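A.B. asks: build me a model from this:
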Amino acid sequence: MQLDLLGAFLVGLLGGVHCLGMCGGIVGALTLGLPKQDAASGRFWVLQLSYNLGRILSYVIAGTIAGGLGLLLAQAGPLQYTQQMLSIIAGLFMIMLGLYLGGWWTGLARVEKAGGVIWKRIEPLGRKLLPVHSPAQAFLLGMVWGWLPCGLVYSVLIWTLSAGGLAEGALLMGAFGLGTLPNLLLMGAAAGWMGGLLRKPLARKIAGGLVIAFGLMMLLQLRPAV
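C.D. replies: Residues are numbered from 1 along each chain as shown. The predicted model follows:
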């Protein structure tokens, strides 16, 4: 489990090349929406952390649900075969995610569009929280933000199905969320510089290649069910 948590953290960290496109505009809007006195003080970081902790909590909730669903699926059939099948699906999704991050394949964009149906119902809740005046308000806005349709998040949720249970799913998504935290905090503080760095094709291809390698490792470590 420790290796899985480390892997989820690294996937979140490497996913910064995708976070720019999905969340960069939101981070920029939140930053620009702060009063000047807040943007130039420690309150800026309090609000940014509140946004992101709310977002990570939403990931943990989604991970708990996915982990529980995976457990139910495993119990519905032969345990070893079902768990192995879920792990194979997770490994394949990691490879697809790497191809997506590297710009070699855009199939996950269709999954994001499908998630947009749910997002249209949730997004108005976030608008009611603007403008943000307190950390509590920022935290709630972050929780709404956490349900933004994202191929990166969906891929890790597929992996969470094979985590083994509710707590395991929550931990896996929590580790992933913590991995995304440095990139998004930096985007809030230096959006222009981070945007230029993460838009470079080489950065995207390196990140995508590393995630593909991780997906292959997930598949190679599987043992034939007996």
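
A.B. asks: contacts and neighbour counts: CA atoms only from here.
C.D. replies: Fine.

A.B. asks: so residue 66 sits against residue 167, correct?
C.D. replies: No. Applying CA atoms under 8 Å, one finds residue 66 not in contact with residue 167, separated by 10.4 Å.

A.B. asks: more neighbours: those two, which one.
C.D. replies: Neighbour comparison, residue 66 and residue 167: the larger count goes to residue 66, with 26 against 15 (by other CA atoms under 10 Å).

A.B. asks: same for whichever helix in the chain runs longest, what does it pack against?
C.D. replies: What stands out as the longest helix in the chain, according to DSSP state H, is helix 42-76. Under the contact criterion of 3 or more CA pairs under 8 Å, 6 or more residues apart in numbering; DSSP states H and E, helix 42-76 touches helix 79-101, helix 135-145, helix 151-160, helix 166-189.

A.B. asks: tell me what angle that helix forms with helix 151-160.
C.D. replies: 40 degrees (axes from the mean of the first three to the mean of the last three CA atoms, to 10 degrees).

A.B. asks: which parts of helix 42-76 are buried?
C.D. replies: 44-45, 47-71, 73-74 (16 or more other CA atoms under 10 Å).

A.B. asks: what angle do it and helix 79-101 make?
C.D. replies: 140 degrees.

A.B. asks: okay, and the helix or strand of this protein with the least pLDDT?
C.D. replies: Here the helix or strand of the chain ranked lowest by mean pLDDT, DSSP states H and E is helix 191-198, holding a mean of 51.

A.B. asks: right, and residue 107 touches residue 98 too?
C.D. replies: No. Contact criterion CA under 8 Å: residue 107 and residue 98 do not qualify, at 11.4 Å.

A.B. asks: of those two, which one has the most company?
C.D. replies: Regarding residue 107 and residue 98, a neighbour count based on other CA under 10 Å identifies residue 98 as having more, with 29 against 13.

A.B. asks: distance check, that one against residue 92.
C.D. replies: In this view, residue 98 and residue 92 are 10 Å apart by CA to CA, to the nearest Å.

A.B. asks: same deal with residue 155?
C.D. replies: From residue 155 to residue 92 the distance is 9 Å (CA to CA).

A.B. asks: so who does the nearest residue to residue 137 once chain neighbours are set aside touch?
C.D. replies: Nearest residue to residue 137, sequence neighbours excluded (CA to CA, 6 or more residues apart in numbering): residue 129, at 6.5 Å. Contacts for residue 129 (CA atoms under 8 Å, 6 or more residues apart in numbering) come out as 137-138, 140-141.

A.B. asks: tell me, what residue is most central in the protein?
C.D. replies: residue 153 (3.6 Å; CA atoms, centre = their mean).

A.B. asks: which pLDDT value belongs to it?
C.D. replies: The score at residue 153 is 91. That number is its pLDDT.

A.B. asks: now it: how far from residue 176?
C.D. replies: Distance from residue 153 to residue 176, by CA to CA: 9 Å.

A.B. asks: three-state assignment of residue 207?
C.D. replies: helix (DSSP: H, G, I helix; E, B strand; the rest coil).
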